[in-house]
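Enquirer: Dropping a prediction and its sequence here:
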Amino acid sequence: MKLNNIRLLLRAAGKGDSRWEQFVTISLESKKSNSRKKSRLVIQVVIALSILLAAGSMAFMLGVNYYQMEILGSIVGIDGFSWFMGAVTAALITFMFGMFSGGSVLYHGKDLPLLLVLPLTQRELLISRLILHYKANFFMHTILFLPAVAVAIHVHGISFPIIVAALVQITIAPFIPLSLSLIVLHLFVKGKKHTRKSRESWAIIFMLTLLVVMQGLASRWMQSGMDSSNLENFANSFGIVLQGLQRILLFPKWQMSMALGPHSFVNGLYFLLAVAAITIGAIYLVATAYGETVTRLWETSTTVRKNNGKSSRSYTGHYALEWSLVRREYAIINEHSAFKMELYGEAVIPLILVVVYAISGVIGEFKVMLEPVFRLDTFPMIVTGALLLTSSLSMMSGTSYSREGKLLALSRTMPLEGASFVRGKMAAHLMLFYSTYLIFSLAALAIFRLELVHAVWMMPLGFFAVGSSACFGLAIDGRNPRLDWKLPQQAVKQNLNGLAAMGISFANIAVLAGLGYLLAEPIGLSALSSGLLLVAPSACIWWLSWKLAVSGARRLYQAQ
Amino acid sequence: MVTIQSVTKKYGNSAKAAVENLSLALVPGEIFGFLGPNGAGKSTTIKMIVGLLSQDTGTITVDGHDTLNETVLVKQRIGYVPDEPLFYEKMTANEYLQFICEIYRVPNEARQERIVRWAKRFSLHGVLDDQISSYSRGMKQKLGIVTALVHEPRLLILDEPMVGLDPKSAFILKEVMHEFCEGGRSVFFSTHVMEVAERLCTRVGIIMNGSLIACDTFHALQERSGSGDLSLEQLFLEMTDETE
Ligand SMILES: Nc1ncnc2c1ncn2[C@@H]1O[C@H](COP(=O)(O)OP(=O)(O)OP(=O)(O)O)[C@@H](O)[C@H]1O
Ligand SMILES: [Mg+2]
């Protein structure tokens, strides 16, 4: 085994992939024209801010959650429960994403056929891939866990064990979920009837179950927590749950004690030994047949036939041009499960949650809980704001050109104006996210028994807000699409453009919410008239975003 | 049909021009073969004609339309086979061709007939309903050619179209190129196969290091070289020989 080979493999795989490099390219882009310097600076700042906003708000929300856990823990006499929860959350989510990134990094990377013919040993290849697997998930694991460190320091003060434990936690703890993902992946890949689809649908089912269970538990707790009259009771039952959790989940228990005692050192040792054991076990398992497995997967992966044997379908059917572009957009999304998972997930998971809530009766309890807010005159606006947020924050358009990858060259030979492409992409976006918004808002009208007349402003407002989220996304991705990806994740999840687009959509909703607040509170208009008045500015913003998107597209599709 | 006037193109901030001061005119009804060593600038020129790249100086027109200002009109007239076949691989060939017909606004009634006709011509008819990802290299190449033909362009531009084709398909392609020109339409293609160029082309252009070093009929080139019985291969080797 040559270390140098591994280093070379990592360097080759990492070329131009880091977020930082991407950011620098965005900033350095269009170096030629000096006249654009100012607008470039503005865009750079806006992008940086929106990324900070998106990442920061997520970390903050997590932090608040962990803090609540810490408080609940302290009620029943457990110190550092935020650490415990942080470790569990980070591990679960890392495991889930590890299932995807591990699958594509280890077994389905586009560069694997190239590497398989090089004079490398199996082990060198495997090790480089494992490091990539770690690298791909390290950042997210850290973001998920850091808020717990902040909470622990805030509550317990800073100390030597906390710092050491935090470092250990950030660097070493990802090994647990990643090793587990390796083991599960290995079992899937070894399975006779393995298909990539089956594996990924299992991961999705796992994730959905997890989400539903976690949400269900959280809302149960929240709801009983609200009821302060029997806090005692609650604390008791909660304490039993917590202690139970600690008995079962040894890893996070060790991690927690490593940071906050008692017996920091011993617990840390347990933790490290256990991590070493599970990691070595997982790697050993995978290494037993890595080379053969990869080769076998490559042999079988390209012979898929869609309608095997079936006679040709009728060739008729007339579609509008934009409709063809919409279908193409979905064809591109369906090409990679990473795309499907990301985008359909964004659109559908809230929907599934609502259905689950409705069935489990949680919604009814929510309604009771929201009673005070419910009576506010501005309640319809608050609901709409929340719905707009869920429907606007998506990667759909912010990574739309990037997802085309090399195939963008194909679009560029097509005899169409930039505006046609934008129209097609926006329609595809609306189809997925405006339709879910419509379902949500109708459901909200029904569940909260709001007057139907509110639909008159909720529908157009949603259209323009979701539409501008699409166009802003296209404008951003059109400026500097990420086309040279090897793993589909790099086009969506690891794409800065998507994050920036989400930040701008967030800002857009914030602006509309601010305006709505002004209209309703200081000025004192009714929810109905404020809502109606909001449609105009939202339309203006949409128009602006449309112009930006079209000019971006024009530049992208013209000869370069 | 196509006019290229003193066109120069540099990639990024490289010092050397990929194409330098190139001038060419393609008349209706001709098959123009574009020859040159690797890296000479053939693909670059072709990409400028189809509107993928923009020249730094000079103008290119197709049917009188400027490639930079009237891109849509230009692209509408061109059928382009790229040097590397690219498709939405999860579509079936049929879905893909339907999509192309829609983009190029082929009348609804004509679509089915055209798709089937061209697919049959290149023996792809039996696999039209297969996913493109299951195609072999040559099958993809043929699908690329069918894609370029199915919207009946005025100008066919092919970048090394013979790559990966079996003898029969290569023969059919040559036939198709001939027929294509009969109605006054033109073909512009690059190739490394000298026999094909010699037999098929009305005129050939030889480009080297970004500059056109010869552009004429095969016979005129033979005469100019002084010996009337050299093959195009020999002529090509002689002209592009840099050792002296
Ligand atoms: N994307 C690119 N970036 C920078 N330089 C490029 C790029 N593509 C081509 N070049 C350079 O431009 C020159 C011409 O390349 P081109 O692809 O046009 O050659 P070609 O004649 O098509 O060669 P081949 O016969 O190998 O296909 C070469 O020197 C090449 O290095
Ligand atoms: Mg070439």
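Expert: Structure's in. What do you need? Ligands and ions are numbered 1, 2, ... in the order given.

Enquirer: Return the per-residue confidence for the closest residue to B:Ser186 other than its chain neighbours.
Expert: Nearest residue to B:Ser186, sequence neighbours excluded (C-beta to C-beta, 6 or more residues apart in numbering or on different chains): B:Met1, at 4.6 Å. C-beta: built from backbone N, CA, C; applies to glycine. In this prediction, B:Met1 carries a pLDDT score of 86.

Enquirer: if I pick B:Met1, what's in contact with it?
Expert: By C-beta atoms under 8 Å, 6 or more residues apart in numbering or on different chains, the residues touching B:Met1 are B:26-28, B:30, B:62-63, B:154-155, B:186.

Enquirer: For ligand 1, state which of those residues is nearest.
Expert: For the contacts of B:Met1, the residue nearest ligand 1 by C-beta to the nearest ligand atom is B:Leu26; the value is 17.8 Å.

Enquirer: Can you list phi and psi of the closest one for me?
Expert: Backbone torsions of B:Leu26, given as degrees, to the nearest 10, read phi -110, psi 130.

Enquirer: Quick check: buried residues in stretch B:140-155?
Expert: Using 16 or more other C-beta atoms under 10 Å in any protein chain shown as the test for burial, stretch B:140-155 gives B:140-151, B:153-155.

Enquirer: ok, of the residues you listed, which one's closest to ligand 1?
Expert: Set against ligand 1, the nearest of the buried residues of stretch B:140-155 by C-beta to the nearest ligand atom is B:Gln141 (14.7 Å).

Enquirer: pLDDT-wise, which helix or strand of chain A ranks last?
Expert: In chain A, the helix or strand scored least confidently by mean pLDDT, DSSP states H and E is helix A:19-28, which has a mean of 51.

Enquirer: which element follows the longest helix seen in chain A toward the C-terminus?
Expert: For chain A, the helix reaching the highest residue count under DSSP state H is reported as helix A:37-75. Later in the chain than helix A:37-75, the nearest helix or strand by DSSP states H and E is helix A:81-102.

Enquirer: Mind giving me the packing neighbours of that following helix?
Expert: Under the contact definition 3 or more C-beta pairs under 8 Å, 6 or more residues apart in numbering or on different chains; DSSP states H and E, helix A:81-102 sits against helix A:37-75, helix A:122-156, helix A:175-190, helix A:196-226, helix A:231-248, helix A:250-260, helix A:337-360.

Enquirer: what helices or strands is the shortest one leaning on?
Expert: It refers to helix A:250-260. Judged by 3+ C-beta pairs under 8 Å, 6+ apart, helix A:250-260 is in contact with helix A:81-102, helix A:122-156, helix A:160-172, helix A:264-287.

Enquirer: buried sites along the longest helix of chain A?
Expert: So for helix A:37-75, counting by 16+ other C-beta under 10 Å, buried means A:40, A:43, A:47, A:50-51, A:53-54, A:62-63, A:65-70, A:72-73, A:75.

Enquirer: Also stretch A:391-409?
Expert: Buried residues in stretch A:391-409, counted by 16+ other C-beta under 10 Å: A:391-405, A:407-408.

Enquirer: Now, these that are in helices?
Expert: A:391-392, A:400-404, A:408.

Enquirer: for B:Asp159, phi and psi?
Expert: Dihedral pair for B:Asp159: phi -100, psi 110, per degrees, to the nearest 10.

Enquirer: Burial check on it, number of neighbours?
Expert: Neighbour count of B:Asp159, defined by other C-beta atoms under 10 Å in any protein chain shown: 22.

Enquirer: For the nearest residue to it once chain neighbours are set aside, which three-state class applies?
Expert: Counting by C-beta to C-beta, 6+ apart, B:Asp83 is the residue found nearest to B:Asp159 once chain neighbours are left out, at 4.1 Å. At B:Asp83, secondary structure determined by DSSP: H, G, I helix; E, B strand; the rest coil is coil.

Enquirer: Could you say which helix or strand holds the residue nearest to A:Ala470 when sequence neighbours are not counted?
Expert: Excluding the flanking residues, the one nearest A:Ala470 by C-beta to C-beta, 6+ apart is A:His429, at 3.7 Å. Using DSSP H and E, A:His429 sits within helix A:418-447.

Enquirer: What residues sit buried inside that helix?
Expert: Under the neighbour-count criterion of 16+ other C-beta under 10 Å, helix A:418-447 has A:418, A:420-430, A:432-434, A:436-438, A:440-441, A:443-445, A:447 buried.
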